[in-house]
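Undergrad: got a sequence here, can you build the structure:
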Amino acid sequence: MLIRIVFVLYAILLFALAAYLFGYKKHGFLTRQTVSEKTGQALRNYAWFILIAGVIALVPVIWQNAIVDILALLIGAVSVGVLGLRLPTLIEDDEE
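TA: Okay, here's the model as predicted:
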């Protein structure tokens with residue numbers, strides 16, 4: 001039962017991050033009020049990957065399977081990790 005609660009919280013966290021990335025035009029991104037079109041497209045792409053990871057993270061709540069659990073965690077961690085690694089280049093592109 002505890003693992004289901006953890007996966008629900010993980011999915012909520014991923015959905016919140018995806019919503020923040022999708023809403024960059026309304027509230028800016030990090031400290032920037034506007035972002036370039038290239039950066040905006042990259043943020044939308046990452047938001048879609050993170051949203052898909054959130055949906056996959058809800059699957060273990062319904063169907064308990066260790067492989068699905070690991071897959072959900074791996075997809076979420078990789079997509080957020082790659083976003084974190086790309087942030088400096090996205091910010092540099094906006095400064096130019």
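
Undergrad: can you pull out the helices in this protein?
TA: 2-22, 24-27, 37-62, 66-95 (DSSP state H).

Undergrad: comparing these, which yields the minimum mean pLDDT?
TA: Ranked by mean pLDDT, the helices of the chain end with helix 24-27 in last place, scoring a mean of 68.

Undergrad: if we can go back for a sec, tell me which of the helices of the chain is the most buried.
TA: helix 37-62 (a mean of 18; mean count of other Cβ atoms under 10 Å). To be clear about C-beta, it is placed using only N, CA and C from the backbone, and glycine gets the same treatment.

Undergrad: quick one: Val55 from Lys38, how far?
TA: Applying Cβ to Cβ, to the nearest Å, the value for Val55 to Lys38 is 27 Å.

Undergrad: correct me if wrong: Tyr46 contacts Phe22.
TA: No. In this structure, Tyr46 is not within contact of Phe22 by Cβ atoms under 8 Å, at 9.8 Å.

Undergrad: in contact with Arg4, which residues?
TA: 60-61 (Cβ atoms under 8 Å, 6 or more residues apart in numbering).

Undergrad: the same query, at a cut-off of 10 Å, please.
TA: By Cβ atoms under 10 Å, 6 or more residues apart in numbering, the contact set of Arg4 is 58, 60-62, 64.

Undergrad: can you tell me the closest non-neighbouring residue to the residue most central in space within the chain?
TA: Geometric centre of the chain, nearest residue: Ile50, 3.1 Å, by Cα atoms, centre = their mean. Leaving out its chain neighbours, the residue that sits closest to Ile50 by Cβ to Cβ, 6 or more residues apart in numbering is Ala18, at 4.3 Å.

Undergrad: cool, and Gly76?
TA: That would be Ala53: by Cβ to Cβ, 6+ apart, it lies 3.9 Å from Gly76.

Undergrad: so how far is Thr34 from the one you found?
TA: 27 Å.

Undergrad: likewise for Leu51?
TA: Taking Cβ to Cβ, one finds Leu51 at 23 Å from Thr34.

Undergrad: same deal with Ile52?
TA: For Ile52 relative to Thr34 (Cβ to Cβ), the value is 27 Å.

Undergrad: ditto for Leu14
TA: Computed as Cβ to Cβ, the Leu14 to Thr34 distance reads 26 Å.
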